[in-house]
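Chemist: Just the structure for this:
(2 chains)
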Amino acid sequence: MDSTEPVRAAVVRDCLGVGLAVGLYGAAFGAAGIAAGLGVAQTCALSLLMFTGASQFALVGVLGAGGAPLAAVASALMLGSRNTLYGLRLARPLGWRGLRRVVAAHGVIDETTAMALAAPTPATLRLAFTVTGTSLFVGWNLSTLAGALGSELLAFPAAQAALDAVVPAAFLALLWPRLRASRRDRTVALGGALIALALTPIVTPGLQVILAAAAVGLGWIGRAP
Amino acid sequence: MTWTVVLVAAVGCYLLKYAGLAAPAGLLDRPAVRRAVELVPAAMLAALVVVQALTDGRALVLDSRLVGLAAATVALLLRAPFLVVLLVAGGAAALAHTLT
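Modeler: Numbers count the residues shown, from 1 in each chain, chains lettered A, B, ... in the order given. Now for the predicted structure:
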């Protein structure tokens, strides 16, 4: 226990930091939902029941732009499909079944997957997943409500600029351990970024992130790291 | 109608999450599948970084988000904790927005 307690404490601290920090961005989603014409209850229902940020933003974005309901659902599902891949990756290390798996599935998203897979030991993987998922769920939903109720507060241009910059920075911070891990990851990440940028002017917004997964093909090129 | 869209999309997104967790364990036994799944987050997170930092709809846009991302990169190189990285990014972007 002597050697594992500090490790567990560090994991809890890091995961709480991620959960609460990213959770704050729910305020931006709350404001986005209201701006798109949804009610406060509908906006909060998305954070509670969908709980996957990119899909939520895509759904209100399409609805707000006057898109068809089917297009809104489709874009949310397209962005949500990567969570299936995350689930495949997490299924064995989490090893949960039954009701626990039913509940845990709701938390299978970018941040929980990244933090779980970055956990220093197999034993702390479940801890990282649970702490990140719980703190992010609480923070995301509370800040969604705050953002929806006080959406005009985020209209301050500088505050909006700060919030807009926090999201890509969060994804970069989540990607960072992988960039350090191996050259194969770096190659695939570079490929994913280039595919996404190249497709942005062409495809429905959001789809380029899914298609960027094709960059995993680069993992078979060249020598192992 | 909006409630229908909200609920259908939410249920669909949940089922996508559950499908991954509940898929047959043997699915990941093939080395090729395992490697692909291990590499997917790198590809998609990188895509999310550039899409969130450099695009707006279908347009490529250079604005204060890029300043924030550059500041975040410096913070990460200095091994700053996650929360500090986000604060640095947000602060730099707000400053850049105010100055431009």
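Chemist: Mind telling me what element residue 12 is part of?
Modeler: I'll assume chain A. Taking DSSP states H and E as the definition, A:Val12 sits inside helix A:4-24.
Chemist: Correction: the question concerned chain B.
Modeler: helix B:2-22.
Chemist: just how off-centre is that helix within its chain?
Modeler: Averaging C-alpha positions (C-alpha atoms, centre = their mean, to the nearest Å) puts helix B:2-22 19 Å from its chain's average.
Chemist: Check the average confidence over it, would you?
Modeler: On average, the pLDDT along helix B:2-22 is 96.
Chemist: and B:Ala71, how far is that from A:Ala27?
Modeler: Distance of B:Ala71 to A:Ala27, given as C-beta to C-beta, to the nearest Å: 21 Å. The C-beta positions use only the backbone N, C-alpha and C, and glycine is treated the same way.
Chemist: Neighbour count for the two, which is higher?
Modeler: A:Ala27 (25 against 22; other C-beta atoms under 10 Å in any protein chain shown).
Chemist: related to what we said a few turns ago, buried residues of the helix holding A:Val12, list them for me.
Modeler: Within helix A:4-24, the residues scored as buried using 16 or more other C-beta atoms under 10 Å in any protein chain shown are A:8, A:11-12, A:14-24.
Chemist: Which ones among those also lie next to chain B?
Modeler: A:Asp14, A:Gly17, A:Val18, A:Leu20, A:Ala21 (C-beta under 8 Å from any C-beta of the partner chain).
Chemist: For the fourth one, list the residues it contacts.
Modeler: Right, the one you point to is A:Leu20. A:Leu20 is in contact with A:Ser135, A:Leu136, A:Gly139, B:Leu83, counting by C-beta atoms under 8 Å, 6 or more residues apart in numbering or on different chains.
Chemist: pLDDT at the first one, what is it?
Modeler: Right, A:Ser135. 95.
Chemist: Nearest residue to the closest residue to chain B within chain A in space, please, no chain neighbours.
Modeler: Per C-beta to the nearest C-beta, A:Gly87 is where chain A lies closest to chain B, at 2.0 Å. With sequence-adjacent residues excluded and distances taken as C-beta to C-beta, 6 or more residues apart in numbering or on different chains, A:Gly87 is closest to B:Gly20, at 2.0 Å.
Chemist: so where's the chain shaky on pLDDT?
Modeler: Answering for chain A, as no chain was given. A:1-3, A:65, A:152-155, A:206, A:222-225 (pLDDT under 70).
Chemist: switch to chain B, that's the one I care about
Modeler: Counting by pLDDT under 70, chain B has low-confidence residues at B:25, B:28.
Chemist: Please enumerate the helices of it.
Modeler: With DSSP state H, the ranges of helices along chain B come out as B:2-22, B:31-54, B:64-77, B:82-99.
Chemist: for chain A, same thing?
Modeler: A:4-24, A:26-35, A:40-45, A:53-64, A:69-80, A:82-94, A:98-105, A:110-117, A:122-149, A:157-181, A:183-199, A:207-211.
Chemist: got a list of what whichever residue of chain B sits closest to chain A touches?
Modeler: Closest contact between chain B and chain A, by C-beta to the nearest C-beta, is at B:Gly20 (2.0 Å). By C-beta under 8 Å, 6+ apart, the contact set of B:Gly20 is A:Asn83, A:Thr84, A:Leu85, A:Tyr86, A:Gly87, A:Leu88, A:Arg89, A:Leu90, A:Ala91, A:Ala105, A:Val108.
Chemist: Including distance to A:Ala148 and neighbour count, could those go into CSV?
Modeler: Putting the contacts of B:Gly20 into CSV (distance: C-beta to C-beta, whole Å; neighbours: other C-beta atoms under 10 Å in any protein chain shown) gives the following:
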residue, distance to A:Ala148, neighbour count
A:Asn83, 24, 31
A:Thr84, 29, 18
A:Leu85, 30, 21
A:Tyr86, 27, 26
A:Gly87, 29, 25
A:Leu88, 33, 24
A:Arg89, 33, 22
A:Leu90, 30, 27
A:Ala91, 34, 23
A:Ala105, 26, 22
A:Val108, 25, 31
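Chemist: For A:Val60, which non-adjacent residue is spatially closest?
Modeler: Among residues not flanking A:Val60 along the chain, A:Ala36 sits closest, at 4.0 Å (C-beta to C-beta, 6+ apart).
Chemist: what's near enough to touch that neighbour?
Modeler: Neighbouring residues of A:Ala36 by C-beta under 8 Å, 6+ apart: A:Val60, A:Gly61, A:Leu63, A:Gly64.
Chemist: PyMOL command for the buried members of these?
Modeler: Only the buried members of the contacts of A:Ala36 enter the following PyMOL selection, criterion being 16+ other C-beta under 10 Å:
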select buried, chain A and resi 60+61+63+64
